[in-house]
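**Q** Next one to model:
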Amino acid sequence: MKVPQTRPRSRRVLDQSLLVLGATTLAAGLGAMTLAPGLSAASSHREAPLIAGDPRADNTDVYAFTSPDKADTVTMVANWIPMEEPNGGPSFYAFGDDLRYNIKIDNSGDGVADVTYSWRFRSSYRDDANQFLYNTGQVTSLNDPDLNFRQVYDLVVTTGGKSRTLLSGVPAAPSRTGQASMPDYAALRKQATFGLPGGGKTYTGQAEDPFFADLRVFDLLYGGDLSERGQDTLASYNVNTIAIQVPKKQLALKGNASRNPVVGVWSTTDRAGVTVADSRDQKGKGGAKQWKQVSRLGNPLVNEVVVPLKFKDAFNTLNPSQDRTVQPVVDKVYDPILPKLIQQVYGIPAPATPRNDLAEIYLTGICKVCGPIKADLNAHRLNKDATLRKIVPAEELRLNMAVPPTARPQRLGVLAGDLAGFPNGRRLADDIVDISLQAVEGAAQTGVLVPELADGDKVDTNEVPFGTSFPYVALPHTKNVNRGPGAAGRSAEQASTENTAASPVTKTTQAAALAGVGALLLGVGGFRLRRRGKNS
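**A** Have a look, this model is predicted:
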């Protein structure tokens, strides 16, 4: 399918006056507004200049999919703290007490969260006067007296402007300090998984980092030598995971997942006590302390690869409803940087612009009237009770909950004709790098893989299998990262009934051909190599 050389009228829904206003406001804000030092620089997403120093607020990945073993529910997984070395003691890795971790759902298409789940943590030591250890002996339960450091949390859900507490003071699973200290982490994970009022469950704690990729792509696309691909940069590292599984009706517009199956999902981190100081205030007076969004993540790789450097930190503070007002960012969706870099390094011609297909993937969702991809998949316009005039272009990870789990998942997702995969939501085993490389090179429009990039990054699966039941993420590693990829015992510590066999959700197959509609549905926008730092 050829891309029109001019934006269709539907694209001009990006109200030009708002765009200009937004760009002007953002530019002015970058020059005049600063975060007071000493309290917070911003989120620590490693894709943005200001936020590399705040890993507890750094949201690495977001996943949303229909639960393969419980198809009336949706599972959402969000990870924080990139590049957790398993032997990173003595303090290891904790959620931030001064942070609020959120998973947000937009079911109406206005770019504003209709349902928000928020986790807040509190930390304590049993003995911090006479001990330096995280644990003082072997830990066999979450209330074990040998577990010196512990965290508890409250989980609050907000709908329609009203909040209610679902869980209060329940324990998170600790960092896995090693095989000797925590020989049965699967048991600790089970104890840290709690049922929710009205159905569903949640887990918070450490996990193996599920993202897999050869991140040397950022070294000018593997140094111009595709033969050097194939090393999973993220293997053997862990992350802190928040996972929640809830009935679909709790997410759907008007509680009706049959009439309104499409939701948009993203996560954010808010920091308490951030001082927003205005440098235009000549008297030097500080601003008010408040909750401030310092991190945001929906689709993988948007901020890394699509958003220009100048606007990355500001993008982390925006609500999706504001996206359409920032012209410089919108422009890079229609005219992305990555294809030009690929052309420069490898001589593969960049697809013609404007990239209305990518705008459809990132900003509107996929539907026949939304843009050049003529298929109805995951646009909010498909919700029968949605108010069309309130729907706005917004960057969210969109999921059509009516699409059932696939019996034989394809790692290339929609690109391989598997409509239950990325970019219709995101499963743990979806090969984001390979999908995105093909999409940004136009495979969603042509229905044909770009042969020079057919092997992608040559990292097709995670280094350990995922679980067969909630929370699906693999158990955290305990062996040090620097053993090398072929070291014996690399995944021995992963052995458990949850991790030993890959489930239908995680078994990946080599997706050979692009199926008509499936290929067009691919889209993934701009090769969002999102993992600002994963190594597991």
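**Q** What does the pLDDT read for the residue minimising distance to the centre of the chain?
**A** By C-alpha atoms, centre = their mean, the mean C-alpha position of the chain lies nearest to residue 62, the distance being 2.3 Å. We have a pLDDT of 98 for residue 62.
**Q** That one belongs to a strand?
**A** Yes. Using DSSP: H, G, I helix; E, B strand; the rest coil, the assignment for residue 62 is a strand.
**Q** Can we start the residue count at 51 from this point?
**A** Happy to do that; since the first residue is 51 now, the last one works out to residue 112.
**Q** That one is in contact with residue 318, isn't it?
**A** No. Look at residue 112 against residue 318 with C-beta atoms under 8 Å: they stay out of range, at 10.1 Å. In this view, the C-beta of every residue, glycine as well, is placed from N, C-alpha and C.
**Q** on that earlier part again, what about the residue nearest to the centre of the chain, distance to residue 228?
**A** 29 Å (C-beta to C-beta, to the nearest Å).
**Q** pretty sure residue 199 contacts residue 184?
**A** Yes. Taking contacts as C-beta under 8 Å, residue 199 lies within contact range of residue 184: 5.0 Å.
**Q** Mutual contacts of those two, please.
**A** Contact criterion C-beta atoms under 8 Å, 6 or more residues apart in numbering; residues shared by residue 199 and residue 184: 142, 224.
**Q** where does the stretch 101-250 of the chain have low pLDDT?
**A** 101-102 (pLDDT under 70).
**Q** just so I have it, where are all the helices in it?
**A** For the stretch 101-250 of the chain, the helices defined by DSSP state H, counting those that start in this stretch occupy 235-241.
**Q** Doesn't residue 398 lie inside a helix?
**A** No. Assessed with three-state DSSP, residue 398 is coil; it does not lie in a helix.
**Q** which one is residue 228 nearest to, not counting chain neighbours?
**A** residue 528 (5.1 Å; C-beta to C-beta, 6 or more residues apart in numbering).
**Q** One more: residue 145?
**A** For residue 145, the closest residue by C-beta to C-beta, 6+ apart turns out to be residue 171, at 4.3 Å.
**Q** so where do the strands sit in the stretch 151-300 of the chain?
**A** 165-175, 199-209, 212-221, 243-245, 251-258, 288-297 (DSSP state E, counting those that start in this stretch).
**Q** Same question for the stretch 401-550 of the chain.
**A** 447-450.
**Q** returning to that earlier point: what number of residues lie near the residue nearest to residue 145?
**A** 19 (other C-beta atoms under 10 Å).
**Q** mind checking the longest strand of the chain?
**A** Criterion DSSP state E: the longest strand present in the chain is strand 312-328.
**Q** List the neighbouring strands of the next helix-or-strand element following that strand plus their orientation.
**A** As assigned by DSSP states H and E, the chain's next helix or strand after strand 312-328 is strand 339-347. Using DSSP bridges, strand 339-347 pairs in its sheet with strand 312-328 (antiparallel).
**Q** Show the model's pLDDT score for residue 64.
**A** 36.
**Q** again with residue 562
**A** With respect to pLDDT, residue 562 has a value of 35.
**Q** Can I get stretch 164-182 as PDB, trimmed to CA atoms?
**A** The C-alpha coordinates for stretch 164-182 follow below in PDB (Å, rounded to 0.1, in the frame of the first residue of the first chain):
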ATOM      1  CA  ASP A 164     -10.000   6.400  33.000                       C
ATOM      2  CA  VAL A 165      -8.500   3.700  35.300                       C
ATOM      3  CA  THR A 166      -5.300   4.200  37.300                       C
ATOM      4  CA  TYR A 167      -3.600   1.600  39.500                       C
ATOM      5  CA  SER A 168      -1.000   3.100  41.800                       C
ATOM      6  CA  TRP A 169       1.500   1.400  44.100                       C
ATOM      7  CA  ARG A 170       3.300   3.200  47.000                       C
ATOM      8  CA  PHE A 171       6.000   1.500  49.000                       C
ATOM      9  CA  ARG A 172       7.400   1.800  52.500                       C
ATOM     10  CA  SER A 173      10.800   0.300  53.500                       C
ATOM     11  CA  SER A 174      12.100  -0.900  56.900                       C
ATOM     12  CA  TYR A 175      14.900  -2.800  58.500                       C
ATOM     13  CA  ARG A 176      14.600  -5.300  61.400                       C
ATOM     14  CA  ASP A 177      18.000  -4.300  62.600                       C
ATOM     15  CA  ASP A 178      19.900  -1.400  61.000                       C
ATOM     16  CA  ALA A 179      22.100  -0.600  64.000                       C
ATOM     17  CA  ASN A 180      24.000  -3.900  64.200                       C
ATOM     18  CA  GLN A 181      23.700  -5.300  60.700                       C
ATOM     19  CA  PHE A 182      24.900  -4.500  57.200                       C
END
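**Q** Would you reformat the strands of the stretch 151-300 of the chain as CSV and include distance to residue 388?
**A** Converted to CSV, the strands of the stretch 151-300 of the chain look like this (distance: least, C-beta to C-beta, whole Å):
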stretch, distance to residue 388
strand 165-175, 32
strand 199-209, 36
strand 212-221, 40
strand 243-245, 39
strand 251-258, 28
strand 288-297, 25
